[in-house]
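Peer 1: Mind looking at a prediction? Sequence and model below.
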Amino acid sequence: MNDIRRASSPALEVKGLDVYYGHSHALQGVNLTLEQGVFSVVGRNGMGKTTLCNAIMGLVRTRSGSIRVRGKNITRLAPASIARLGVGYVPQGRRLWRSLSVDEHLRLAAGTRRGPWTVERIYETFPRLAERKNHSGGQLSGGEQQMLAISRALLTNPHLLIMDEPTEGLAPVIVAQVEEMLVRLGEDGDIAVLVIEQNIGVATAVSGNVAVMVNGRVNRIIDSARLAADRDLQQRLLGVGLHAEIDPDIAAEPQRLEAERAPQPAPPKGPARVYISNPTPPTRWSQPVPIARIEAAARTLSTGVARIEEMRQRRETTVAQTSGPPVVLIAGTLDTKGTELRYIRDIIAASGLRTRLVDLSTSGKPSTCDVTAQEIALNHGRGGSAVFGPDRGAAVTAMADAFASWVRRQGNIAGIISAGGSGGASLVAPGMRALPVGAPKLIISSVASGDVGRYVGPADITMMYSVTDVQGLNSISRAILANGANALIGMVKARLDQRAGEERQPGTALPAIGITMFGVTTPAVQKITADLHDEFECLVFHATGVGGRSMEMLVESGQLAAVVDLTTTEVCDLLMGGVFPATEDRFRAVIRKRVPYVGSVGALDMVNFGAPDTIPERYHKRKFHAHNPQVTLMRTTPEENERMGRWIGERLNQMDGPVRFFLPEGGVSALDAPGQPFWDPEADAALFCALERTVRQTSNRQLIRANQNINDPAFAANIVSTFRGLLGRAGGRRRVVR
């Protein structure tokens, strides 16, 4: 019965509310309805916004009118009773206890009401609070205090959260964090949020509609896109110093207010962009920021459809966009390989391509180049002192990190080449991996004839064996270095020609999605790719450890619009010691980028080993299946499945984008089906139950049980249907106020 009432009743309904301070009529017949999601109230100082919050929380006495939360009248209840009914409050000014530590604040609030918000989840959401957990409230910065005040309210697991001026007095970077958190709360749909805010940018970014308060009344409810775009309207409604000259249109009569509340035209489709006038903190010597840089730093808040539309228009990742003529990098240690690298540079420059010679030496010796080692070292988190130290191994690692950071900041790299030994390859490879797939990358090295996995990783790095050591020029090294230089010239010019052709014919490329596959999930993937072929470019990744890493690298670089992670078998090998393991970073790119994610438990019934004599002794009594003479599969047990379910579930909980995760009750692979060698309903049930216990399901994050085998056509059709529906809704604005 409570669920029915909750589904049919608004989160907050305020009717005819009047509040007086003595003879002053502070709130005058306020009417407001919040169905779900996030709703903003804006207005000048003294218009009654904080009084509205206090009235809802029972902190001030109402003269007339009513306040209902999920259908229950709370008008004259005590504040404690209102809080117990599921109303959380983040007051203006934070009101923390200076003597209590962060952890004590949170533990005190935890347990008020059971729900998905726990102290552990707070520390995951606000890592800064975890770092400061033993500091008192009085020792925190303003931004940290606001995080703590919000966290304290969330730990009460409210149905309705009221936030009074949550960004007041905060630095822009903290304002952005609060804004993104409000957007996530609105997308999850579990908590309705009423935001009282003077920052128009925040108010319009987090909600579909905005209420404007004037002289104690809700003057109008206006579409946020319209308010955000109309500076003149903002000035008339909210401009400072206009109290005595309120436009007649603003001081509308009550009957005109009803007309204002009529449904507004739907906001324009596409991504909502947030512009920051200073992408980096300014100093007294800062120059005005160029418009192009502001545009490049703009954040896209919406996902799903917005992401799809953006990728239809521009297939290449933002990192690869040119901010100037394209340039080829020749990078390496000029103190030991200067002759060879300059030889490569001269060949590439003679072809007409622009070049930049980058020094990655850790010796500190000066060299003639375009980008010095000292300049690269400044891109390390700890500065040059972390790079130019006595420990060569630590110096090489630090320089590699600094070079990767420097590469990410460049916007016009058309290709990159290097030459050297194992140290040189280690220095340049992380920077190459920071570039998007498709950008030409070539390493000429004496280590290229062995196992190059640790250099290439999930990237498309080409390695060429140098035959002789890269140590001076001779007849052999000249030929090899020239071959490498000319190979890179061909790749770069072909790519530039292709990009020019795409610019002449825009809109022809389909948005790309990533799909994971193993041999035992092939029928499902083939059905999914066939059904989505006309709408998406389906990129299939073989789930052999590096396949999952490659897919997530494309997610990280912005080249995938969504993911169908059907085959998560790499987690088996990671946790049980197989030969195709994922890394601990599996799923993290999806978490960071918030792309739409449809996943399943494909091939979690098996751990991969090599030939039978390579299987660890501790597994000798287990159930095996010989896939071929060089690949042996081991069936996972209920205990192992439970462990995997928890591991995956914890990562699904960190995904803030749209998530649908399927549990095929008819088996998770071709071998896990009735009559097949790995059919084990008990083991599958342990996996499914562990996921259901671990995952915090919301309207945005759902587990879906299906009674088919993962390879049944009906299961694949369900995946496709859900995927289309997810992308059709993701990023769309919900109207949250009647």
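Peer 2: Cool, the structure landed.

Peer 1: just for the stretch 1-150 of the chain, where's the confidence low?
Peer 2: The model of the stretch 1-150 of the chain has pLDDT under 70 over residues 1-8, 111-112.

Peer 1: where along it do the strands fall?
Peer 2: 12-21, 24-34, 38-42, 64-69, 72-73, 87-90 (DSSP state E, counting those that start in this stretch).

Peer 1: Those: which one's closest to residue 601?
Peer 2: Closest to residue 601 of those, according to Cβ to Cβ: strand 38-42, at 33.4 Å. In this view, the C-beta of every residue, glycine as well, is placed from N, C-alpha and C.

Peer 1: May I have the closest one as CSV, with CA atoms only?
Peer 2: Output in CSV follows, covering the C-alpha atoms of strand 38-42 (Å, rounded to 0.1, in the frame of the first residue of the first chain):
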residue,chain,number,x,y,z
VAL,A,38,15.6,17.7,-9.0
PHE,A,39,13.7,21.0,-8.9
SER,A,40,15.3,24.4,-8.4
VAL,A,41,14.0,27.5,-6.7
VAL,A,42,15.8,30.8,-7.4
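
Peer 1: That one pairs with which strands?
Peer 2: Using DSSP bridges, strand 38-42 pairs in its sheet with strand 192-196 (parallel), strand 209-214 (parallel).

Peer 1: that older thread, would you turn the strands of the stretch 1-150 of the chain into JSON lines with distance to residue 531 and mean neighbour count?
Peer 2: Listed next are these as JSON lines, based on distance: least, Cβ to Cβ, whole Å; neighbours: other Cβ atoms under 10 Å:
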{"stretch": "strand 12-21", "distance to residue 531": "42", "mean neighbour count": "19"}
{"stretch": "strand 24-34", "distance to residue 531": "39", "mean neighbour count": "19"}
{"stretch": "strand 38-42", "distance to residue 531": "35", "mean neighbour count": "27"}
{"stretch": "strand 64-69", "distance to residue 531": "44", "mean neighbour count": "18"}
{"stretch": "strand 72-73", "distance to residue 531": "46", "mean neighbour count": "12"}
{"stretch": "strand 87-90", "distance to residue 531": "44", "mean neighbour count": "25"}
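
Peer 1: Output those as TSV; include the columns distance to residue 401.
Peer 2: Converted to TSV, the strands of the stretch 1-150 of the chain look like this (distance: least, Cβ to Cβ, whole Å):
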stretch	distance to residue 401
strand 12-21	49
strand 24-34	47
strand 38-42	38
strand 64-69	51
strand 72-73	56
strand 87-90	38
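
Peer 1: right, so of those strands, which gets closest to residue 475?
Peer 2: Nearest of the strands of the stretch 1-150 of the chain (Cβ to Cβ): strand 38-42, 69.9 Å.

Peer 1: just to revisit the earlier point, mean neighbour count and mean pLDDT for the strands paired with strand 38-42 - can I get that in CSV?
Peer 2: Output for those, formatted as CSV (neighbours: other Cβ atoms under 10 Å; pLDDT from 0 to 100):
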stretch, mean neighbour count, mean pLDDT
strand 192-196, 26, 89
strand 209-214, 25, 87
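
Peer 1: wait, which of the ones you listed is closest to residue 605?
Peer 2: Per Cβ to Cβ, nearest to residue 605 of the strands paired with strand 38-42: strand 192-196, 41.5 Å.

Peer 1: Next, the angle from the closest one to strand 24-34.
Peer 2: 150 degrees (axes from the mean of the first three to the mean of the last three Cα atoms, to 10 degrees).

Peer 1: can you redo the strands paired with strand 38-42 as CSV with distance to residue 699?
Peer 2: Formatted as CSV, those follow (distance: least, Cβ to Cβ, whole Å):
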stretch, distance to residue 699
strand 192-196, 12
strand 209-214, 19
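
Peer 1: Residue ranges in the stretch 201-350 of the chain under the pLDDT threshold?
Peer 2: 236-324.

Peer 1: returning to what we had before: what's the closest of the strands paired with strand 38-42 to residue 460?
Peer 2: Short answer: strand 192-196, nearest of these by Cβ to Cβ, at 43.6 Å.

Peer 1: contact partners of the closest one?
Peer 2: 11-12, 34-41, 49-50, 52-53, 56, 92, 159-166, 182, 185-186, 202-203, 206-207, 736 (Cβ atoms under 8 Å, 6 or more residues apart in numbering).

Peer 1: ok, residue 344 to residue 419 distance?
Peer 2: Using Cβ to Cβ, to the nearest Å, residue 344 is found at 6 Å from residue 419.

Peer 1: again, but for residue 483
Peer 2: 11 Å.

Peer 1: which stretches of the stretch 51-200 of the chain form helices?
Peer 2: Assigned by DSSP state H, counting those that start in this stretch, the stretch 51-200 of the chain shows helices spanning 79-84, 102-109, 119-125, 127-131, 142-154, 172-188, 200-206.

Peer 1: what helices or strands is the second one leaning on?
Peer 2: When contacts are defined as 3 or more Cβ pairs under 8 Å, 6 or more residues apart in numbering; DSSP states H and E, helix 102-109 sits against helix 119-125, helix 142-154.

Peer 1: can you redo these as TSV with mean neighbour count and distance to residue 718?
Peer 2: Output for those, formatted as TSV (neighbours: other Cβ atoms under 10 Å; distance: least, Cβ to Cβ, whole Å):
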stretch	mean neighbour count	distance to residue 718
helix 119-125	17	30
helix 142-154	22	34
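
Peer 1: Figure out which of the ones you listed is closest to residue 620.
Peer 2: Short answer: helix 119-125, nearest of those by Cβ to Cβ, at 38.4 Å.

Peer 1: Go ahead and name everything in contact with stretch 55-75.
Peer 2: With Cβ under 8 Å, 6+ apart as the test, stretch 55-75 has contacts from 5-6, 8-20, 27, 29-30, 51, 54, 76-79, 81-83, 85-87, 89, 159-160, 162, 194.

Peer 1: same question, stretch 613-630
Peer 2: Under Cβ under 8 Å, 6+ apart, the answer for stretch 613-630 is 519, 577, 606, 609-612, 632-635, 637, 671, 677-678.

Peer 1: And for stretch 441-450?
Peer 2: Taking Cβ under 8 Å, 6+ apart as the rule, stretch 441-450 contacts 415-422, 424-425, 428-429, 432, 435, 455, 459-466, 468-470, 480-481, 484, 487-488, 491.

Peer 1: just checking, which of those residues belong to strands?
Peer 2: Counting by DSSP state E, these place 415, 416, 417, 418, 419, 420, 462, 463, 464, 465 in strands.

Peer 1: any idea which of these has the most stuff around it?
Peer 2: The residue in these with the most neighbours, by other Cβ atoms under 10 Å, is residue 417 (32 neighbours).

Peer 1: And that residue, how far from residue 443?
Peer 2: 8 Å.

Peer 1: What values do phi and psi take at the residue lying closest to residue 670 once chain neighbours are set aside?
Peer 2: Among residues not flanking residue 670 along the chain, residue 520 sits closest, at 4.2 Å (Cβ to Cβ, 6 or more residues apart in numbering). The phi/psi pair for residue 520 (degrees, to the nearest 10) reads phi -90, psi 0.

Peer 1: Run through the residues that contact residue 520.
Peer 2: Neighbours of residue 520 in contact, by Cβ under 8 Å, 6+ apart: 602, 603, 606, 669, 670, 671, 711.

Peer 1: how about the longest helix along the chain: buried residues?
Peer 2: Longest helix in the chain by number of residues (criterion: DSSP state H): helix 475-504. Of the residues in helix 475-504, 477, 480-481, 484-485, 487-489, 491-493, 495, 499 count as buried by neighbour count, 16 or more other Cβ atoms under 10 Å.

Peer 1: Using a markdown table, lay out these together with pLDDT and distance to residue 150.
Peer 2: Output for those, formatted as a markdown table (pLDDT from 0 to 100; distance: Cβ to Cβ, whole Å):
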| residue | pLDDT | distance to residue 150 |
| --- | --- | --- |
| 477 | 88 | 61 |
| 480 | 93 | 59 |
| 481 | 94 | 58 |
| 484 | 94 | 54 |
| 485 | 94 | 55 |
| 487 | 94 | 54 |
| 488 | 94 | 51 |
| 489 | 94 | 54 |
| 491 | 93 | 50 |
| 492 | 93 | 49 |
| 493 | 92 | 53 |
| 495 | 88 | 46 |
| 499 | 77 | 44 |
